[in-house]
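In: give me a 3D structure for the following:
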Amino acid sequence: MSLYEASFRVKHECPYREISEHYPDLTIREWYLSDCQVVEITAPGSPTDELLDQIDQLGTILHRSVDDSGLHVVTQSCLCSLEDSIIDRFEEYNCLYQPPTVHRQGWEHYTVIAFDEDDVRKLLHDLETDRDVEVLSKTTITEQQIPHSMLAPVDQLFEDVTERQMAALRLALESGYYEQPRKTSLRELAEMTAVARSTYEEHLRKAENKLLTNAGQFLRLVTATSTADPLGVEETRRAEQVAD
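Out: Down below sits the predicted model:
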């Protein structure tokens, strides 16, 4: 099975376009969380007061330092309206977004991975209807592993997991339930809570099921290009076919 990786840049109005265009040495990296954005801003040299004022307007400053390597700032801001979001378009065309988004010199840089090259083509064609788009690279991934830089967004992994299910999962993890050998049992875990064992077990199993289901797309990407069969699944299937 082949995978297709595409890197491209787009230009349109967004909070970071003007500042990255005005300061060409500035790099902005943007991560999307469930209800906010975390932004890392770096630049060589000492920043001007004007630049610092503009950065202050981007969101809540979590960290700021200036040293011999230059400027380093981390901010958090409310997530802008996701209506017609470019991330939603990636999902519409079955393309997996690889964070972060990188803003430089007025351009937003994105990388996506897809199972079908035609999905990438359709995505780029759609984006060209209302944005300036420049394709930087399109690569077929066959025998190499998926880059370790492709991290699964946390909010996607825990999508639809309720607070009670999350609490049950965390208690099990922190109590050593998933260690080998196990350090606790379902009965002991339930006794630490205010619910019956059957209720606790239901919360835990649902959390496990949702977590693995949400991780499925990333698991397929990580294993799709590997030729190894460590569990001997294919060998067993071939043996069964011969036996039939």
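
In: report the buried residues of the longest helix along the chain.
Out: The longest helix of the chain (DSSP state H) is helix 197-224. Judged by neighbour count using 16 or more other Cβ atoms under 10 Å, the buried positions of helix 197-224 are 200-201, 203-204, 206-208, 210-211, 214, 218, 221. (Each C-beta comes from the backbone N, C-alpha and C, glycine too.)

In: need those residues in CSV (columns: pLDDT).
Out: Below are these laid out as CSV (pLDDT from 0 to 100):
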residue, pLDDT
Tyr200, 95
Glu201, 95
His203, 95
Leu204, 95
Lys206, 94
Ala207, 92
Glu208, 92
Lys210, 88
Leu211, 87
Asn214, 77
Phe218, 64
Leu221, 57
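
In: show me the domain layout of this structure.
Out: Per automatic domain parsing, the domain ranges recorded for the chain read 3-141, 154-224.

In: just the mean pLDDT for the first one, thanks.
Out: On average, the pLDDT along domain 3-141 is 87.

In: so how far is that domain off the chain centroid?
Out: 13 Å (Cα atoms, centre = their mean, to the nearest Å).

In: now do the end-to-end distance for it.
Out: One end of domain 3-141 sits 5 Å from the other (Cα to Cα, to the nearest Å).

In: help me confirm that Thr74 is found in a strand?
Out: Not Thr; residue 74 is Val. Yes. Val74 forms part of a strand when assessed by DSSP: H, G, I helix; E, B strand; the rest coil.

In: who's in contact with it?
Out: Counting by Cβ atoms under 8 Å, 6 or more residues apart in numbering, Val74 makes contact with 38-41, 61-64.

In: neighbour-wise, which one of these leads?
Out: Ile41 (25 neighbours; other Cβ atoms under 10 Å).
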